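Q: Take this sequence and fold it.
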Amino acid sequence: MAEIKQFNSFQTSYKKLQEGLNISTTKVNVEYYHHDFQSEPFLHIEAHVDMVKLDVIEENGQVLSIFTPEVTLVFTENNYHTNLSNDSVVFASKNDEETYCIITFI
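A: Coordinates of the predicted model:
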C-alpha cells in the first residue's frame with residue numbers, strides 16, 4: 001500500500017466515497033485483510049454502489065455504510081480508524097493491527 005496521505009475523520013472519508021460515487025462508474029473494489037492473511041485479502045468484493053450514508057449513533061459514534069445490491073458494508077467510529085491513501089479509503093481496526101479494509105472506486 002502506498003504512503004498514507006493524511007489521517008482523517010469519518011466525514012472526510014465519507015466525502016471521498018461520495019466523490020467516487022459521483023464521478024466514477026459507481027463500481028467499488030473492496031479488499032478486506034485480517035490477521036495472518038496480509039499477502040492477500042480474505043474477502044474481495046467488486047460491486048456497483050447504490051448509496052453511501054453517514055449516520056451518528058450515540059453508542060457507536062459516526063457510522064459509515066456502503067450499500068451495494070449484494071452487501072452492505074458498515075464501519076463504526078468506535079471500531080475503526082480511517083485515512084486516505086492515494087485514491088483509496090482505508091479503514092483500520094482499532095482492536096488489532098492486522099485487520100484493515102481498502103476501498104477503491106474502479
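Q: From now on I want contacts and neighbour counts done on CA atoms only, so please keep to that.
A: Will do.
Q: Tell me, what's the model's pLDDT at the residue of the chain positioned farthest from its centre?
A: Distance from the centre of the chain peaks at residue 58, with 20.7 Å (C-alpha atoms, centre = their mean). Note on residue 58: pLDDT of 89.
Q: repeat for residue 1
A: 46.
Q: For residue 78, see how far away the residue farthest from the centre of the chain is.
A: 10 Å (C-alpha to C-alpha, to the nearest Å).
Q: dump the residue contacts of residue 62.
A: By C-alpha atoms under 8 Å, 6 or more residues apart in numbering, the contact set of residue 62 is 10, 54, 55, 56, 76, 77, 78.
Q: Apply 6 Å and report the result again.
A: By C-alpha atoms under 6 Å, 6 or more residues apart in numbering, the contact list for residue 62 reads 55, 56, 76, 77.
Q: ok but it is inside a strand, no?
A: Yes - counting by DSSP: H, G, I helix; E, B strand; the rest coil, residue 62 is part of a strand.
Q: partner residues bridging it?
A: residue 56 (DSSP bridges).
Q: Could you point out the helix or strand that follows the strand or helix carrying residue 17?
A: Secondary structure from DSSP states H and E places residue 17 in helix 10-23. Following helix 10-23 in sequence order, the next helix or strand is strand 27-34 (DSSP H and E).
Q: Not counting that following strand itself, show me its contacts.
A: 41-49, 98-106.
Q: Run me through the strand neighbours of the next helix or strand along the chain from it, direction for each.
A: Next along the chain after strand 27-34, taking DSSP H and E as the criterion, comes strand 43-48. Sheet pairing of strand 43-48 (DSSP bridges) gives strand 27-34 (antiparallel).
Q: Please give the centre-to-centre distance between the partner strand and its chain.
A: In this view, strand 27-34 has its centroid 8 Å away from the chain centroid, taken as C-alpha atoms, centre = their mean, to the nearest Å.
Q: before we move on, back to that, could you flag which of the contacts of strand 27-34 are buried?
A: Among the contacts of strand 27-34, those classed as buried by 16 or more other C-alpha atoms under 10 Å are 41, 46, 47, 48, 49, 99, 100, 101, 102, 103, 104, 105.
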